[in-house]
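A.B. asks: Next one to model:
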Amino acid sequence: MSMILMILNMLTEVLQSKMLRFYIYFVSLQSMNRNRIVSILTLLLLLVMLGSCASSEERAAQKADFARKVKVALDKRAYKISINRMLPMNGASKSVSYGYSVEIRNDSLFSYLPYFGRAYQVPYGGGKGLTFDAPIGHYQEAKAKNGSRQIDIELKNEEDEYIYHISVFENGSSSIEVQSRQRDPISYSGEVIFDK
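C.D. replies: So this is what the prediction gives:
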């Protein structure tokens with residue numbers, strides 16, 4: 001009985017990552033014969049491996065559940081992509097702070113994106129840039145060879161006409177390229193997010 005308690009205590013210490021206490025237990029085990037020590041360590045190793053298998057199964061299940069959510073959102077044409085990086089046509093890639101996004105909802109596109117680049121003909125003061133909402137004129141979707149879904153959205157507002165090329169992968173990572181008639185193209189990367 002004391003041997004089982006000692007093994008349980010050792011297992012608890014290992015799982016809590018307190019290696020100093022584990023070392024003290026291991027030193028105290030040296031009074032036992034080598035066969036017992038080897039069998040105890042083998043048992044501990046087996047328990048740790050079983051624990052890691054369970055967590056990898058959980059991760060796989062979470063990944064599959066997230067991929068299902070992404071598919072459902074894209075099928076419903078009701079999704080939001082949070083932007084974390086932008087790549088202007090003439091310039092270096094820049095990190096983007098929290099809050100920028102593109103959302104597709106109710107046959108409309110809600111664009112809240114920063115813009116850096118050349119504008120050819122815009123209203124006085126710079127206009128809205130890529131911060132606007134407008135009804136979608138044309139929505140086309142295709143599945144690419146790499147497993148992503150390629151979405152092309154055409155729309156216009158009072159300032160310009162736009163084409164949003166969106167690529168969404170199963171894991172939710174996304175890229176967006178925006179082309180307009182009055183501005184240089186610009187690209188963004190981000191991920192699909194879901195309201196909690």
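A.B. asks: Just name the shakiest helix or strand of the protein by mean pLDDT.
C.D. replies: Within the chain, confidence by mean pLDDT, DSSP states H and E is lowest for helix 19-28 among all helices and strands, at a mean of 54.
A.B. asks: Show residues contacting the helix or strand that contains residue 110.
C.D. replies: For residue 110, the enclosing helix or strand under DSSP states H and E is strand 108-113. Outside strand 108-113, the residues within contact range by C-beta atoms under 8 Å, 6 or more residues apart in numbering are 83, 86, 99-104, 129-136, 153, 155, 162, 164, 178, 186, 188. Where you see a C-beta, it was placed from the backbone N, CA and C, and this is true even at glycine.
A.B. asks: partners of that strand, with directions?
C.D. replies: Partners of strand 108-113 in the sheet, by DSSP bridges, are strand 101-105 (antiparallel), strand 130-143 (antiparallel).
A.B. asks: Quick check: buried residues in that strand?
C.D. replies: Within strand 108-113, the residues that count as buried by 16 or more other C-beta atoms under 10 Å are 109, 111, 113.
A.B. asks: swap in stretch 126-146?
C.D. replies: 127-130, 132, 134.
A.B. asks: Turn the residues you listed into TSV, including distance to residue 69 and pLDDT.
C.D. replies: Formatted as TSV, the buried residues of stretch 126-146 follow (distance: C-beta to C-beta, whole Å; pLDDT from 0 to 100):
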residue	distance to residue 69	pLDDT
127	35	77
128	31	81
129	31	82
130	26	87
132	27	90
134	26	92
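A.B. asks: and which of those residues is nearest to residue 76?
C.D. replies: When those are ranked by distance to residue 76 (C-beta to C-beta), residue 134 comes first, at 19.5 Å.
A.B. asks: can you give me the helices in the chain?
C.D. replies: Listed in chain order, the helices of the chain (DSSP state H) span 2-15, 19-28, 34-76.
A.B. asks: Now for the nearest residue to residue 161 once chain neighbours are set aside, how many residues are close by?
C.D. replies: With sequence-adjacent residues excluded and distances taken as C-beta to C-beta, 6 or more residues apart in numbering, residue 161 is closest to residue 181, at 5.2 Å. The local packing of residue 181 (other C-beta atoms under 10 Å) involves 12 other residues.
A.B. asks: pretty sure residue 181 contacts residue 160?
C.D. replies: Yes. If you go by C-beta atoms under 8 Å, residue 181 and residue 160 touch, sitting 5.7 Å apart.
A.B. asks: hmm, back to that, pLDDT (mean, whole number) over the strand holding residue 110?
C.D. replies: Strand 108-113 comes out with an average pLDDT of 93.
A.B. asks: Fine, thanks again, bye for now.
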